[in-house]
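>>> Got a predicted model here, sequence first, then my questions.
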Amino acid sequence: MRIFLLICLSLISYSLSAQVKLLTLDELDKRIAAGKDTTYVVNFWATWCGPCVAELPNFEKLRVANLKKPVKVLLISVDFKSKLQKEVIPFAVKNQLKAEVFLLNETDQQKYIERVDPKWTGAIPATLFVKQKTRRFYEQDFTEKQLKNTLLNLK
């Protein structure tokens, strides 16, 4: 019985871990470059950020509304890498995040902030919209309507 329980627990742990992956900015850039006809909505957030947590359901609604369109919602946590197992994965499970969830695997915060957008102060929530050669970066929280309108107005 103990062996069965251990196997079940390890399978549950594995499936939860598979839900949140580590991602570098190089990997993000390659992903965006490969999806030539895809529009990416990349939200930078953290489990400890109240406005971030409050707006996450709006990104889930945007994802669902665009299931049949070439739109990908990527939720990138900027929590510390050490928080992945104990905080980020349980948070994603508890909040039933169905969008792709990543934890940013970068060590130099200032470098990645400047690389995402030179005007980014580092405040979150922050969202990057990418459609082909168009990049729009917003250092703000979004309502469902604002997300929808921003996506529609990308050129």
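Received it, and whenever you're ready, just let me know what you need.

>>> This structure: helices as residue ranges?
Counting by DSSP state H, residue ranges of the helices within the chain are 2-19, 25-34, 50-65, 89-94, 109-116, 144-152.

>>> Touching, Ala46 and Val78? I think so.
Yes. Distance between Ala46 and Val78: 5.2 Å, which falls inside the contact criterion (Cβ atoms under 8 Å). From N, CA and C alone the C-beta is placed, and that goes for glycine too.

>>> got JSON lines for the helices of the chain, with mean neighbour count too?
As requested, these are exported to JSON lines (neighbours: other Cβ atoms under 10 Å):
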{"stretch": "helix 2-19", "mean neighbour count": "10"}
{"stretch": "helix 25-34", "mean neighbour count": "14"}
{"stretch": "helix 50-65", "mean neighbour count": "16"}
{"stretch": "helix 89-94", "mean neighbour count": "16"}
{"stretch": "helix 109-116", "mean neighbour count": "15"}
{"stretch": "helix 144-152", "mean neighbour count": "14"}
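
>>> closest one to Gly122 among those?
Of all those, the one in closest proximity to Gly122, counting by Cβ to Cβ, is helix 109-116 (4.7 Å).

>>> CA atoms only for the closest one - export them in PDB, please.
What follows is helix 109-116 as a C-alpha-only set of coordinates in PDB (Å, rounded to 0.1, in the frame of the first residue of the first chain):
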ATOM      1  CA  GLN A 109      17.000  41.200 -13.200                       C
ATOM      2  CA  GLN A 110      18.200  44.500 -14.600                       C
ATOM      3  CA  LYS A 111      19.400  42.800 -17.800                       C
ATOM      4  CA  TYR A 112      16.200  41.000 -18.500                       C
ATOM      5  CA  ILE A 113      14.100  44.100 -17.700                       C
ATOM      6  CA  GLU A 114      16.000  46.200 -20.300                       C
ATOM      7  CA  ARG A 115      15.900  43.300 -22.800                       C
ATOM      8  CA  VAL A 116      12.100  42.900 -22.600                       C
END
